[in-house]
Structures are given as structure tokens and as C-alpha cells.
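# Quick one: sequence plus predicted model below, questions after.
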Amino acid sequence: MRENFSYRLWRYDGAPGELIPLLQSAQEHFGYIPIRAINYISGVTGIPESDIYGVITFYSQFRLRPMGKYIIRACAGTACHVSGAKMIIETIEDELGIEVGDTSEDGMYTLNTVACIGCCSLAPVIMINDETYGRLTPASLRKLLREHIRKTGAKADSVVGASCGG
């Protein structure tokens, strides 16, 4: 059951250990944790904003910026690792001007790594939203990304991708 952020804050009774559920609720509500949510949580709980910020930056599950319209998941699993995942990730970083965990300035792309996409036979693999792209080389990836950028505004699934065979 999806709980409303304000409702969770309203229910807050000062019990210890509620900060993380409050932050999770804020992130679920806003898609990230905006400064105004940190201020609001601090005001309700009495926890200093600096402490809240420390918790947010400690746990990788929390985001201080909205996710991009297109989420790129680069597989860093064993099969992808031995097939050049590092070069693939560096190519994405170079092409989009972002690092792993960042969102592009225009809010279009967020780059994350994942432990395994489950498409080891296609290694190295990335996903852009729900589309899977495999057997990538830095050159084919640059072409894919440039084509995707050219089509910005179009749905990610309009880009030709490989199907995942597992």
C-alpha cells in the first residue's frame, strides 16, 4: 500500500528509527528528496537538517535530484565485466557528460549500474528504460546514444534494441 508522505509525517510520534521510513516516503512521493522535504522532516522530527542530509548521502537508495526521463542501467555483472562493461560505462559517461548515479543537466538521462540485468548471453548489456541493448561495443553504443538523443522526446522503445535471451 502506497503511503502518502504527509500522512506518514502526520503519524510521526517521535519514535526512534522513523527517519529512514520518512525519507523513503518522501522519495516515493516526489521521486527524489527535495530540500523542502528535508526542511519539513526536520521541522516535524526535530532532527537537524545536516543529520538528515548525512543519512540521505550515506544510503545509495536515496536521491537528491529527480531521475532522468530515460534511466540507463549498465550491467556490471560477471559476464558484462569480462566483456568490457567498464568501457561501456565510460563511453556512456563520456557521451552524456554524466557519471554513474548522475542525471544529465537537461533531466533526460540518469546513469546507474546494476549487478546483473539477466541477459548474460548478450554481454555487455545496457537498458534504457525497459529496452535492452546487448553485444555493445563503444562504437555501437555511441551510435545508439546519439540516435536516442536525436530522438529525444520520442519514447525510448522506439529505438531498435535487442531482445533479452537470458
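Okay, I see it. Since the model is a prediction, treat every value here as computed from it, not as a measurement.
# Please make it C-alpha for all contacts and neighbour counts, starting now.
OK.
# Run through the neighbouring helices and strands of the lowest-mean-pLDDT helix or strand in the chain.
Every helix and strand of the chain was ranked by mean pLDDT, DSSP states H and E. The lowest is helix 5-11, at a mean of 71. Packed against helix 5-11 by the contact rule (3 or more CA pairs under 8 Å, 6 or more residues apart in numbering; DSSP states H and E) you find helix 19-30.
# continuing past the helix it packs on, what's the next helix or strand?
For helix 19-30, the succeeding helix or strand toward the C-terminus, using DSSP states H and E, is helix 35-45.
# Mind listing residues that contact the host helix or strand of Thr91?
Secondary structure assigned from DSSP H and E places Thr91 in helix 85-96. Counting contacts by CA atoms under 8 Å, 6 or more residues apart in numbering, the residues outside helix 85-96 that touch it are 74-76, 98-100, 104, 109, 124-125, 136-138, 141-142, 145.
# returning to that earlier point: identify each buried residue in the least confident helix or strand of the chain, please.
5-6, 9 (16 or more other CA atoms under 10 Å).
# so who does Thr45 touch?
The contact partners of Thr45, by CA under 8 Å, 6+ apart, come to 12, 14.
# Next one, pLDDT for it please.
As predicted, Thr45 sits at a pLDDT of 91.
# Cys116 contacts His81, correct?
No - no contact is recorded between Cys116 and His81 when judged using CA atoms under 8 Å, the distance being 10.1 Å.
# how close does Ile35 get to Pro16?
The spacing between Ile35 and Pro16, counted by CA to CA, to the nearest Å, is 22 Å.
# Compare the two and say which is more crowded by neighbours.
Relative neighbour count places Ile35 above the other of Ile35 and Pro16, with 13 against 8, counting by other CA atoms under 10 Å.
# who's in contact with the more buried one?
Neighbour list for Ile35: Leu64 [criterion: CA under 8 Å, 6+ apart].
# What distance do you get for it to Gly54?
As it turns out, when the distance is counted by CA to CA, Ile35 lies 13 Å from Gly54.
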